[in-house]
Structure formats: structure tokens, C-alpha cells
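Trainee: Using only what follows, build the 3D model:
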Amino acid sequence: MGVTIREAQERVDSWIKEYGVRYFNELTNMALLTEEVGELARIMARTYGEQSFKESDKNRDLGDEMADVLWVLLCLANQTGVDLTEAFEKNLAKKTSRDNERHKNNDKL
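Mentor: Numbering: from 1, shown residues only. This is a model prediction of the structure:
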């Protein structure tokens, strides 16, 4: 059974309140998000790019790294009062309106 974005936000909030004591402040979480994206980029560069794996990278899990990014993003959304379900729907509508022909007409694609 899947989890909606809203449910994920609620589950992160519950976890923080039960196990995490409190959220790190927004700037700390922004730094953590950047760190997690960097870890994801490292695995992507080694898996799909031209870099070779270091011994310390070999047991990293791509899905786990993506989930770490999602976790911190959900924390930031909760802290700043952003409903990511609503934000996603609005963003998708914006992209659809703005780009509904753009990519189809791109000779590079």
C-alpha cells in the first residue's frame, strides 16, 4: 500500500515528535538537504557517470539516498507550513500550461 505525500508529511511529523524531540531549525535542515543531495549525486556519478566507486561508496543504496533527500524535504515543508500535495498539484498545472508543447517542439529531444 502506497503513502500519499500528505501522509508522508504527517508520518515525518509524528516521528519527529516521538523520536526526534524537535525539528532542527530551517537553516540546519536546508544544509542537511544540501548534504543529502550531495550524497545522492555521488552515488549517481559513480553508478551512471564516469567516476569509479571508492570502497566507502560500494554499499550505498540509491533508493535510501533518495529517501534521505525526501525526508529532509518533508521536514522543511512541515516547518514552513507548505502542503506539498497542494504545491505539487499547482506546480504540475503550471508546467502543463507553460510547457505543454515546448518539449514536443524541441529538436534536441
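
Trainee: Which neighbouring elements make contact with the helix or strand containing residue 35?
Mentor: Per DSSP states H and E, residue 35 falls inside helix 26-47. Using 3 or more Cβ pairs under 8 Å, 6 or more residues apart in numbering; DSSP states H and E as the contact criterion, the elements in contact with helix 26-47 are helix 62-80. In this view, the C-beta of every residue, glycine as well, is placed from N, C-alpha and C.

Trainee: Relative to residue 103, how far out is the residue nearest to residue 77 when sequence neighbours are not counted?
Mentor: Once flanking residues are discounted, residue 77 sits nearest to residue 84: 4.9 Å by Cβ to Cβ, 6 or more residues apart in numbering. According to Cβ to Cβ, to the nearest Å, residue 84 stands 24 Å off from residue 103.

Trainee: Kindly report the same for residue 47.
Mentor: Taking Cβ to Cβ, one finds residue 47 at 26 Å from residue 103.

Trainee: Of those two, which one has the most company?
Mentor: Set residue 47 next to residue 103 and count neighbours by other Cβ atoms under 10 Å: residue 47 wins out with 12 against 9.

Trainee: Distance check, that one against residue 41.
Mentor: Relative to residue 41, and taking Cβ to Cβ, residue 47 is found at 11 Å.

Trainee: Ok, residue 108 next?
Mentor: For residue 108, the distance to residue 41 (Cβ to Cβ) stands at 24 Å.

Trainee: cool, residue 72 as well?
Mentor: The gap separating residue 72 from residue 41 is 15 Å, by Cβ to Cβ.
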